[in-house]
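> Next input, structure requested:
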Amino acid sequence: MDEPGPSHSPSGSSSGLPTAIRHTLTVQRPNTAGSGSGSGSRKSSVSDCDSPSAGSDFHVSSLTYRDFFPKLLEEGSSFKSPIYEEFGFLIARANEWLSSHREFDVLNVECVEILTPHNTKVVDPSKAAYIERNKDWTEFVRGLRMWLIPALPKGRTHTKPGWLRYFDVVPECTHAGIVSIEYTRLSGLVEALNDKLRHQPINGDIMAVQTLTLRFHSNEGVDSNRTCFSLHGQKQRIRLYFLRVFYMEFGDASSAKLECLEDIGIVDFVPQIMRHTTTGRQHIEPLSSVITRSGDWFIRYQEDGHPGLRVVNIQTVVLHVKDSKNTDTQQTFYMATGDGERFFYELRFIRLIYARQTKSECLEPLPVFPRVFMKLFCPTQTLTAEAHSKRHPKFGNVPDIVGRVQEWISEDHPPIIGIETHGYSSYFGDEIIITAESPYLYDQGHEDKFWIQSIRVYYEGDYVESSQELPSPGLRKERRGSSVHGKRPVEHRLSGSAAAGSPGSGSGQGSWPPLAAGSTLAPVDSTETKQESASPRLSPRRRSTKEDLGHEFREFNRAQEASKNDKECRIS
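Numbering: from 1, shown residues only. Below is the predicted model:
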């Protein structure tokens, strides 16, 4: 194996392999004198390994994965959480592995969370289901998962050699009152991220931008580099959401890619109410339909005069809320107040993250983005008589799930856009596939629940699926609906929600389908520094009709006011 070029190791490390470079940047309030500056410098290293750009969509002939999870450094106690390796060490090990396995290219990277018993010395990421007991200690351990494909022949690679890097954009507390606590909103995080990309451009390609959760008590510090979060019954009160940016850093510091800057935009799509029953129950739009709706919006947004866009990530984000109507996806801080209180609902929505090239001379002729569909893979479930009596069914593992994904890809060769590992909660007796499609889960509180690992594969809409394995419940035909170009999608027609509208109508944030309140679009003009907020309030107004059964839900969303952008946050 060839030796890597100049590298930077942690203090006291004798390894020649570079660890993750973590930038520290404090972005001040707009009215504060002075401007934030980085206290760390960007460093580069040289490697001979090839990895793919996140912007390349191509047919995948084979797919595999590699996990990197932290090691236990110090055991915890009844009053103390255990200490695991920080996330930067996982990045260093991933780079070491890539340098010795050049037969692979990286398709995607993501953080994966698994549940482990208290003080687990060896984390087992191959399990696809975990029991989360209501009264016992449980640890959420965060690791790194790389999705890999065979490397292209020499001379045909899509990318340049480099190292995997990351940095975090973490909200800061902006108001600590007796009654309420406020943190930087999502729009402020996106604005700070784009400021960094403009003033401290990375020498590489952004591979993924992921929304992650910090779980902590009120007396714990906020450290995004932690890899373990302890829960004990209902004592875990606080959730804080931040952004983690993965990118592949090029070894050549003189690369022309430095001149091709990008802005990041984030658009949220909340499941809509499809119809009400006579008993007053609401039928909510399934996640597969929300994913297709997000792709429809992205097509329309490009057609409205926003070229040079690429999808960075499609993610299923979970909000832990006390009210099922609380759909403020811009909020980054949630807290259950009072003794014995908990988060009653898990709300899942779709977050589409895209990048826009900001220099016209660097604009590449990107193809029109296709419609997006999702293939869901869940673990197999076996319920024996003994398991039924103990209310603990047996589940398949992650290698089995990935094996089914590989068979599907080998058989049908779908055009893959992205892949995501999504963990969600389920109770005994629930159909795990239907639960994976449901946007809501009610926390029963007194019962143990299962933490299920599912894999979602996103692919282009022009592909016609031949395999019938694991269909999304009741929506396969609907999700094969016609294009938004001049026709009303089938899933919208059958659900009774509003049509996509005629081609050319709307202008970005005014286009149908509506966005979640406060969704942050990348600036249209590269000289702009202020983010634009897209709100459903700007969507075409319609009269409330019997066919438009989602009208009440959209009216509620239109009433949500995104608070003023706050730029105070930390990039580390």
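> make it CA atoms for all contacts and neighbour counts henceforth
OK.
> What are the boundaries of the strands in the stretch 1-150 of the chain?
Under the criterion DSSP state E, counting those that start in this stretch, strands of the stretch 1-150 of the chain are mapped to 25-27, 58-59, 64-68, 72-74, 83-84, 104-117, 129-132, 137-150.
> between those, which one is nearest to residue 92?
Among the strands of the stretch 1-150 of the chain, strand 64-68 comes nearest to residue 92, with 9.9 Å by C-alpha to C-alpha.
> got the contact list for that closest one?
The contact list for strand 64-68 (C-alpha atoms under 8 Å, 6 or more residues apart in numbering) reads 90, 93-94, 125, 143-149, 402, 406.
> what about the helix or strand encompassing residue 451, average pLDDT?
Following DSSP states H and E, the helix or strand that holds residue 451 is strand 449-460. For strand 449-460, the mean per-residue pLDDT is 87.
> Give me the helices and strands touching it, please.
In terms of contacts (3 or more C-alpha pairs under 8 Å, 6 or more residues apart in numbering; DSSP states H and E), strand 449-460 is packed against strand 129-132, strand 372-377, strand 415-426.
> Let's see that with 10 Å instead.
Applying 3 or more C-alpha pairs under 10 Å, 6 or more residues apart in numbering; DSSP states H and E, we find strand 449-460 packed against strand 104-117, strand 129-132, helix 287-303, strand 309-321, strand 372-377, helix 398-412, strand 415-426, helix 432-437.
> Rebuild those as a markdown table, extending it with distance to residue 355 and mean pLDDT.
Converted to a markdown table, the helices and strands packed on strand 449-460 look like this (distance: least, C-alpha to C-alpha, whole Å; pLDDT from 0 to 100):
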| stretch | distance to residue 355 | mean pLDDT |
| --- | --- | --- |
| strand 104-117 | 16 | 90 |
| strand 129-132 | 34 | 79 |
| helix 287-303 | 12 | 88 |
| strand 309-321 | 5 | 87 |
| strand 372-377 | 17 | 89 |
| helix 398-412 | 27 | 91 |
| strand 415-426 | 15 | 87 |
| helix 432-437 | 27 | 70 |
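> Mind putting the ones you listed into a markdown table with mean neighbour count and distance to residue 195?
Output for the helices and strands packed on strand 449-460, formatted as a markdown table (neighbours: other C-alpha atoms under 10 Å; distance: least, C-alpha to C-alpha, whole Å):
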| stretch | mean neighbour count | distance to residue 195 |
| --- | --- | --- |
| strand 104-117 | 23 | 23 |
| strand 129-132 | 21 | 40 |
| helix 287-303 | 23 | 23 |
| strand 309-321 | 23 | 18 |
| strand 372-377 | 23 | 30 |
| helix 398-412 | 16 | 38 |
| strand 415-426 | 21 | 26 |
| helix 432-437 | 19 | 36 |
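> Which of these sits closest to residue 167?
Closest approach to residue 167 among those (C-alpha to C-alpha): strand 104-117, 12.9 Å.
> got the angle between that closest one and strand 137-150?
If you take axes from the mean of the first three to the mean of the last three C-alpha atoms, to 10 degrees, strand 104-117 sits at 170 degrees to strand 137-150.
> Each with direction, which strands does strand 104-117 pair with?
Within its sheet, strand 104-117 is paired with strand 137-150 (antiparallel), according to DSSP bridges.
> ok, how many other residues are close to residue 140?
18 (other C-alpha atoms under 10 Å).
> By mean pLDDT, flag the weakest helix or strand of this structure.
Ranked by mean pLDDT, DSSP states H and E, the weakest helix or strand in the chain is helix 490-495, scoring a mean of 26.
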